[in-house]
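Q: from the sequence below, what's the structure:
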Amino acid sequence: IKWWKSFNDPVCDTIIEKVLRANYGIKLSVVKHKIYTNMYKRSGLNYYPSFSSSVGYRRERSMEFAISADIAAKTINLEKETESHNRFLAGIDVTYDLDVWGKFRAQIKDAKLKIQLAQLEQQSYINTIVAQTLTFYYTIQAQKQLIALLHRNIRLLESYNQVLKDRFTRGIGSTLDIDLTTQKIEALHIRINHERTVLYEMESGLFILMAKFPHEIDSIPNTQIPDRISDFVIPDSLSSEEIKKRPDIIAAELQLLSVQYAIGIAKASLFPSVILSANLHQTDKKLEDFFKKNSITGMLGITMNYSDKFKSVKRSVLNEKKLLYRNTVYEYKNRLITAFHEVEKALFNYKMTHEQLVSIKKQIHVSNHIFKEMDERYKNGLVLYQNLLDVQNDLFNAQEKKIVIENNLIMQKIGLHKAVGGEWE
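A: This next block holds a predicted model:
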């Protein structure tokens, strides 16, 4: 499920698609999945009979000795008879491990689980990469809005400075107000340089995810963050079943099953293997008579192979797997508890941040009204310039805070998607 579509931002969707196509971490996860698939295919080979065939020829030579004695003549005779002939051989052998203790079946199931685990790992990695992409993208948008706000305030202060200079030339102004405004303008320029540095770092992080070199960098299109926020639909709570759909939770459950299979394999190694074997062989002295005579011999039997040599090592492996299972159970429970807390925290933080956004919007509305009235009074000479600067500074701070809170709200939504493991119903 492409959960990032819920942000309703076509520009961001395009960037995410580029990241998913180009990111080397995702490509590595695909390769890993293929490796486990091949391992699964190989694991099933032990479950089938093994066939072997042989064709041979050998030259045989036999000697027979006969001893005879003539007691009367007091002689002993030794007779030797030598015979040489060819021997042609052909045969086929079949062996099949009956897998009485389920070792091979467990290996096949475990190999299949590894494929599922690789898929879940890939899904978790994609969710993480998408969350990072969204974080960089919307932080870039927030930085651009903040820099634009700083430029607007500089232009406003420069217009005030021009008015102050005109008044000073007419003898009704003070250089103190001019210096104060100039100082604020320079501070804003310094602030802009800092924010541009942050913007560059965010853009660099995004392009690294896209696997782009510095000379391949393009500009990131702008988007309106308030338009994105207005489309957000966040539930008040999420069921435990939704949380258990997280890829890492499912992976932890499969990991428990995988360790159980490992325990079964370790137990099976303690018992003898039961092998069914059969063979057919034919031999003859003459090649032309090889298929004419009925000289085929065969055998069918069951053998048991057992070695007590590494029994202590095998028991040690079994105990190790049992301890690993206990440890995996603890990790699963801890991950499950952590997941519930992460979701609850994400929901709470989103709610609090949304309330902050509502409050700051009200504050901006009031501050903007006060600023317009104070600006009019200043033009009519009813208030001091310092009073106008204080009001203008309050409005600027509120506008800046709104940008930060809007970005935080998006980050909270990203965090909630990450905590749930994608989308919720």
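Q: residue ranges in the stretch 251-400 of the chain under the pLDDT threshold?
A: 285-295 (pLDDT under 70).
Q: all helices for it, in order.
A: Listed in chain order, the helices of the stretch 251-400 of the chain (DSSP state H, counting those that start in this stretch) span residues 311-379, 385-420.
Q: could you do the stretch 101-250 of the chain as well?
A: 103-169, 175-209, 225-229, 240-243, 247-268.
Q: could I have the CA atoms of the shortest one written out in CSV?
A: Below are the C-alpha coordinates for helix 240-243, written out as CSV (Å, rounded to 0.1, in the frame of the first residue of the first chain):
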residue,chain,number,x,y,z
SER,A,240,-4.2,-3.7,18.4
GLU,A,241,-4.8,-5.6,15.2
GLU,A,242,-3.7,-2.6,13.2
ILE,A,243,-0.5,-2.3,15.1
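Q: tell me which residues in the top strand by length along the chain are buried?
A: Using DSSP state E, we find that the single longest strand of the chain is strand 75-97. For strand 75-97, burial by neighbour count (16 or more other Cβ atoms under 10 Å) applies to Phe88, Ala90, Gly91, Tyr96, Asp97. Where C-beta positions appear, they are placed from N, C-alpha and C, glycine not excepted.
Q: I'd like the average pLDDT over that strand.
A: What strand 75-97 shows for mean pLDDT is 78.
Q: for the residue most central in space within the chain, give me its contacts.
A: When the chain is reduced to its mean C-alpha position, the closest residue under Cα atoms, centre = their mean turns out to be Tyr125, at 2.4 Å. Residues in contact with Tyr125, defined by Cβ atoms under 8 Å, 6 or more residues apart in numbering, are Gly25, Ile26, Ser29.
Q: now do 6 Å
A: By Cβ atoms under 6 Å, 6 or more residues apart in numbering, the contact list for Tyr125 reads Ser29.
Q: so how far is stretch 330-343 from its chain's centroid?
A: Computed by Cα atoms, centre = their mean, to the nearest Å, the chain-centroid distance of stretch 330-343 equals 18 Å.
Q: could I get it in PDB with only the CA atoms?
A: Taking Å, rounded to 0.1, in the frame of the first residue of the first chain, the C-alpha atoms of stretch 330-343 are listed here in PDB:
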ATOM      1  CA  TYR A 330      11.600 -11.700  24.900                       C
ATOM      2  CA  GLU A 331      12.500  -9.600  21.900                       C
ATOM      3  CA  TYR A 332       9.100 -10.100  20.400                       C
ATOM      4  CA  LYS A 333       7.300  -9.100  23.500                       C
ATOM      5  CA  ASN A 334       9.500  -6.000  23.900                       C
ATOM      6  CA  ARG A 335       9.000  -5.100  20.200                       C
ATOM      7  CA  LEU A 336       5.200  -5.400  20.600                       C
ATOM      8  CA  ILE A 337       5.100  -3.200  23.700                       C
ATOM      9  CA  THR A 338       7.400  -0.700  22.100                       C
ATOM     10  CA  ALA A 339       5.100  -0.600  19.000                       C
ATOM     11  CA  PHE A 340       2.000   0.100  21.100                       C
ATOM     12  CA  HIS A 341       3.800   2.900  22.900                       C
ATOM     13  CA  GLU A 342       5.100   4.400  19.600                       C
ATOM     14  CA  VAL A 343       1.600   4.500  18.200                       C
END
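Q: give me the nearest residue to Ala142, chain neighbours excluded.
A: The spatial neighbour of Ala142 that comes closest, neighbours along the chain excluded (Cβ to Cβ, 6 or more residues apart in numbering), is Asn407 at 3.8 Å.
Q: quick check: that neighbour vs Val420, distance?
A: Distance, Asn407 to Val420, by Cβ to Cβ, to the nearest Å: 21 Å.
Q: now do Ile26
A: 20 Å.
Q: which one's more surrounded, these two?
A: With neighbours defined as other Cβ atoms under 10 Å, Ile26 and Val420 compare such that Val420 has more, 22 against 18.
Q: tell me the contacts of that one?
A: Contacts of Val420 (Cβ under 6 Å, 6+ apart): none.
Q: swap in 7 Å and give it another go.
A: The neighbours of Val420, taking Cβ atoms under 7 Å, 6 or more residues apart in numbering as the test, are Leu238, Glu242, Ile243, Arg246, Val343.
Q: hmm, the last one is touching Ala419, no?
A: Yes: Val343 is in contact with Ala419 according to Cβ atoms under 7 Å; the separation is 4.6 Å.
Q: who's more crowded, these two?
A: Neighbours were counted for Val343 and for Ala419 using other Cβ under 10 Å; Val343 has more, 23 against 20.
Q: what's the most buried one of the helices of the stretch 251-400 of the chain?
A: Across those, averaging neighbours per residue (mean count of other Cβ atoms under 10 Å) puts helix 385-420 on top, at a mean of 19.
Q: tilt between it and helix 103-169?
A: On the basis of axes from the mean of the first three to the mean of the last three Cα atoms, to 10 degrees, helix 385-420 is oriented at 170 degrees to helix 103-169.
Q: what angle do helix 385-420 and helix 311-379 make?
A: Interaxial angle, helix 385-420 versus helix 311-379 (the same axes, to 10 degrees): 160 degrees.
Q: quick one: distance of helix 385-420 to the chain centre.
A: That offset, for helix 385-420, works out to 33 Å (Cα atoms, centre = their mean).
Q: measure Ile243 to Glu344 for me?
A: Ile243 is 10 Å from Glu344, by Cβ to Cβ.
Q: C-alpha coordinates for stretch 276-286, CSV please?
A: Once non-C-alpha atoms are left out, stretch 276-286 reads as follows in CSV (Å, rounded to 0.1, in the frame of the first residue of the first chain):
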residue,chain,number,x,y,z
LEU,A,276,16.2,-46.6,2.0
SER,A,277,18.6,-47.8,-0.7
ALA,A,278,18.2,-49.9,-3.9
ASN,A,279,20.5,-50.8,-6.8
LEU,A,280,20.5,-52.8,-10.0
HIS,A,281,23.8,-54.1,-11.4
GLN,A,282,24.8,-56.2,-14.4
THR,A,283,28.1,-57.7,-15.3
ASP,A,284,29.4,-59.9,-18.2
LYS,A,285,32.7,-61.0,-19.6
LYS,A,286,31.7,-60.2,-23.2
